[in-house]
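Asker: have a look; sequence and predicted model below, questions after that.
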Amino acid sequence: MKKVPTAEQPIGIFDSGVGGLTVAAAVRRLLPNEKIIYFGDTAHLPYGDKSANSIQSYSQKIAEFLIDNDCKIILIACNTASAYANEIVKSTIATRFAGIKVVNVIDPIVNNITKKRKYKRVGVIGTKGTIRSGSYPQRIIQQNHRLEVVSLATPLLVPMIEEGFIYDDISNAIIRSYLSQDKLKNIDALILGCTHYPIIKNQIRKFFNFDVDVIDSSQVVATQLRSILADANLLNSAENPEHQFIISDYTEMFENIARMFFDEEIHLQCKNIWK
Ligand code: DGL
């Protein structure tokens, strides 16, 4: 018989590395009674330039690991994995468990943005993989065909952030060089289609003189997660839950910048689930 989830079980969140911690932080703020198991696949980072096949097979394995660790819901906190692996993660879980849901970081933003009638032209920036997948424009246009969507791959932003170039001449020059491209002219909103980018949200808003709505998924995704858990009667009421942070390969970089993304000291465990 398939297992049915209960409220006391943890929420499983995964990303290729640190990026998803921006989403995990929003989940922790909105759902302080939930225990989080976070998996950062640092052994295979970055996902942004990997093939669809690789991303699907990494994501499937991580989903199985999170389910084996008793998670009641899986949040794919990576746009690249959301673009390529949402269906495979869903079907992997469905074969073994009843009622365990999968949340990704693309659909909640698409649902949110397509309801806003004030937008005519929306930009999306993300990794090469996310932009190549066409997931944002396809899903947005399906829901609102009047909306014009322009996408731009901005691959230097992830290594730039991970190397700590955030408020300086280098980051300003890279941000300016990407965002001043003709494609992004006259947009009303810009979707940050990568979970690393909330770290530089203010610099991006400033580049557009605060005239463009810069949309980061973390809050919207956390709200969606809460409403799914509430509807399924799966909200936990535990006091001070102890979160777990697991990475597939130890890197000093991850330890150093994890705090900036999660806004709190975190203790990392290293586990190679592919061995
Ligand atoms: N966090 C990933 C995303 O949202 C990008 C990082 C990577 O390329 O692995 O797409």
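Answerer: Structure's in. What do you need?
Asker: which parts of the stretch 151-275 of the chain sit against the ligand?
Answerer: 158, 194-196 (Cβ under 6 Å from any ligand atom). To be clear about C-beta, it is placed using only N, CA and C from the backbone, and glycine gets the same treatment.
Asker: which of those tops the neighbour count?
Answerer: Among those, the one with the most neighbours (other Cβ atoms under 10 Å) is residue 195, at 32 neighbours.
Asker: host element of that residue?
Answerer: Assigned by DSSP states H and E, residue 195 belongs to neither a helix nor a strand.
Asker: got any ranges where the chain has weak pLDDT?
Answerer: 1-2 (pLDDT under 70).
Asker: can you tell me the closest non-neighbouring residue to the residue most central in space within it?
Answerer: Using Cα atoms, centre = their mean, the residue of the chain that lies closest to the mean C-alpha position is residue 77, 2.9 Å off. Leaving aside its sequence neighbours, residue 77 sits nearest to residue 20 (Cβ to Cβ, 6 or more residues apart in numbering; 3.0 Å).
Asker: what's the answer for residue 153, then?
Answerer: According to Cβ to Cβ, 6+ apart, the nearest residue to residue 153 is residue 131 (4.1 Å).
Asker: any idea how far that neighbour lies from residue 151?
Answerer: According to Cβ to Cβ, to the nearest Å, residue 131 stands 5 Å off from residue 151.
Asker: between these two, which contacts overlap?
Answerer: Common neighbours of residue 131 and residue 151, using Cβ atoms under 8 Å, 6 or more residues apart in numbering, are 124-125, 193.
Asker: can you list the residues you listed in JSON lines and add neighbour count and secondary structure?
Answerer: Shown next, in JSON lines, are those (neighbours: other Cβ atoms under 10 Å; DSSP: H, G, I helix; E, B strand; the rest coil):
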{"residue": "124", "neighbour count": "29", "secondary structure": "strand"}
{"residue": "125", "neighbour count": "24", "secondary structure": "strand"}
{"residue": "193", "neighbour count": "29", "secondary structure": "strand"}
